[in-house]
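Engineer: model this:
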Amino acid sequence: MDKCCGHSPSPEDMREQVRAGYAAIARNGAGCCGGETPANNALAEAIGYGLDDLEALPEGANMGLSCGNPVALASLSPGEVVVDLGSGAGFDVFIAGARVGAAGRAIGVDMTPEMIAKARRNVAVYRERSGLDNVAFRLGEIEHLPLADNSVDVIISNCVINLSPDKPQVWRDMARVLKPGGRVAVSDLALLQPLPAVIAEMAEALVGCIAGAVLVEDTERMALAAGLIDVTLEKNPGFLDAMAGTNDPLYARILAALPPRAKPGDFITSLGIRARKPLRD
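Structural biologist: Numbers count the residues shown, from 1 in each chain. Predicted structure coming up:
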């Protein structure tokens with residue numbers, strides 16, 4: 001990450017860096033795995049998405065930006081209201097919309113206008129293929145969700161929370177918008193140990209979800225501090241195995257920067273996070 005005059009970037013500088021990176025991805029149609037749809041689908045299958053779900057998606061919704069399957073973690077039911085934090089081109093929103101059905105609602109929130117525009121262009125295809133009119137996309141930051149208090153049954157997110165410069169606030173706002181008894185099902189990247197400084201300072205690694213990741217135990221601590229309960233964390237090293245087969249240039253640069261004989265899996269894991277808001281404060 002660039003530094004000026006010995007000072008680290010401000011949270012807003014970091015946010016703008018991420019916004020610019022994902023705006024470029026939206027414009028170029030290229031995700032962390034090069035933008036090739038077959039490669040993106042292969043990665044998605046490797047981390048738990050079903051082929052039927054992938055084939056039903058509008059073209060370009062899967063941009064290869066996933067590190068897990070939060071929809072599967074969420075076990076969605078018909079009629080639920082589900083919100084995806086950092087929804088990108090709508091990948092998980094469209095899958096979730098099919099799960100919650102006509103009586104439910106799937107809402108995507110993203111801070112990048114280019115991603116919101118791309119997702120909204122995909123809505124017509126989703127409606128035609130699914131017969132459902134139950135998805136929406138809102139421009140906003142995940143630290144300050146454009147949603148009412150106690151209005152959401154389920155929050156999902158896929159490899160996004162680690163990009164936030166204020167992760168405790170993300171967890172607090174998740175707790176705010178959840179209904180009592182509502183639940184969280186998040187896939188994210190987390191650290192098993194601190195990253196080498198050379199990797200933590202790579203701007204590309206930030207946009208690729210890695211430099212912004214925190215330790216597994218810090219993730220649990222933030223969820224509990226926000227007032228959530230029943231927090232469970234499931235490590236999934238298979239994500240890194242899947243990345244190794246994508247020829248992703250970011251992955252290759254990280255591999256080259258690691259200490260001798262070290263592997264990315266020694267430092268980084270995909271993490272499935274489940275939590276729940278209490279029925280009463």
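Engineer: can you pull out the strands in the stretch 151-281 of the chain?
Structural biologist: Counting by DSSP state E, counting those that start in this stretch, the stretch 151-281 of the chain has these strands, from start to end: 152-158, 178-191, 229-236, 268-276.
Engineer: Which of the helices or strands spans V83?
Structural biologist: Secondary structure assignment for V83, by DSSP states H and E: strand 81-85.
Engineer: any idea which helix or strand comes after that strand?
Structural biologist: helix 91-100.
Engineer: quick one, that following helix and strand 81-85 angle?
Structural biologist: 170 degrees (axes from the mean of the first three to the mean of the last three CA atoms, to 10 degrees).
Engineer: and the residue lying closest to R274 once chain neighbours are set aside, what does it touch?
Structural biologist: Once flanking residues are discounted, R274 sits nearest to T232: 4.7 Å by CB to CB, 6 or more residues apart in numbering. Yep, even glycine has a C-beta here, placed from its N, CA and C like the rest. The contact partners of T232, taken as CB atoms under 8 Å, 6 or more residues apart in numbering, are I273, R274, A275.
Engineer: could you check the distance from the most centrally placed residue in the chain over to D188?
Structural biologist: Nearest residue to the geometric centre of the chain (CA atoms, centre = their mean): N158, 2.3 Å. Going from N158 to D188 by CB to CB, to the nearest Å gives 8 Å.
Engineer: before we move on, what about G140?
Structural biologist: 19 Å.
Engineer: Tell me which of those two has more neighbours.
Structural biologist: D188 (26 against 15; other CB atoms under 10 Å).
Engineer: Quick check: phi and psi on G131?
Structural biologist: Dihedral angles of G131 (phi, psi; degrees, to the nearest 10) stand at phi 70, psi 10.
Engineer: Pull up the gap between the nearest residue to V198 once chain neighbours are set aside and M14, please.
Structural biologist: The spatially closest residue to V198, leaving aside those adjacent along the chain, is A257, at 4.9 Å (CB to CB, 6+ apart). For A257, the distance to M14 equals 20 Å [CB to CB].
Engineer: quick one, which of the two is more surrounded?
Structural biologist: Neighbour totals were compared for A257 and M14, and M14 leads with 20 against 17 (other CB under 10 Å).
Engineer: P165 is in contact with that one, correct?
Structural biologist: Yes. Using CB atoms under 8 Å, M14 is in contact with P165, at 4.4 Å.
Engineer: L76 looks like it's in a strand, true?
Structural biologist: No. Counting by DSSP: H, G, I helix; E, B strand; the rest coil, one finds L76 to be coil, located in no strand.
Engineer: buried stuff in stretch 52-60?
Structural biologist: By neighbour count on 16 or more other CB atoms under 10 Å, the buried set for stretch 52-60 is D53, L54, A56, L57, P58, G60.
Engineer: now that stretch, how far from the centre of its chain.
Structural biologist: On the basis of CA atoms, centre = their mean, to the nearest Å, stretch 52-60 sits 18 Å off its chain's mean C-alpha point.
Engineer: Now for the residue nearest to N150 when sequence neighbours are not counted: which residues touch it?
Structural biologist: Leaving aside its sequence neighbours, N150 sits nearest to K179 (CB to CB, 6+ apart; 5.1 Å). Counting by CB under 8 Å, 6+ apart, K179 makes contact with N150, S151, V152, D153, K277.
Engineer: what's the spacing between K179 and V154?
Structural biologist: Counting by CB to CB, the gap from K179 to V154 is 9 Å.
Engineer: Low-confidence regions, this structure specifically.
Structural biologist: 1-9, 29-39, 41, 43, 45-48, 64, 201-211, 237-251, 281 (pLDDT under 70).
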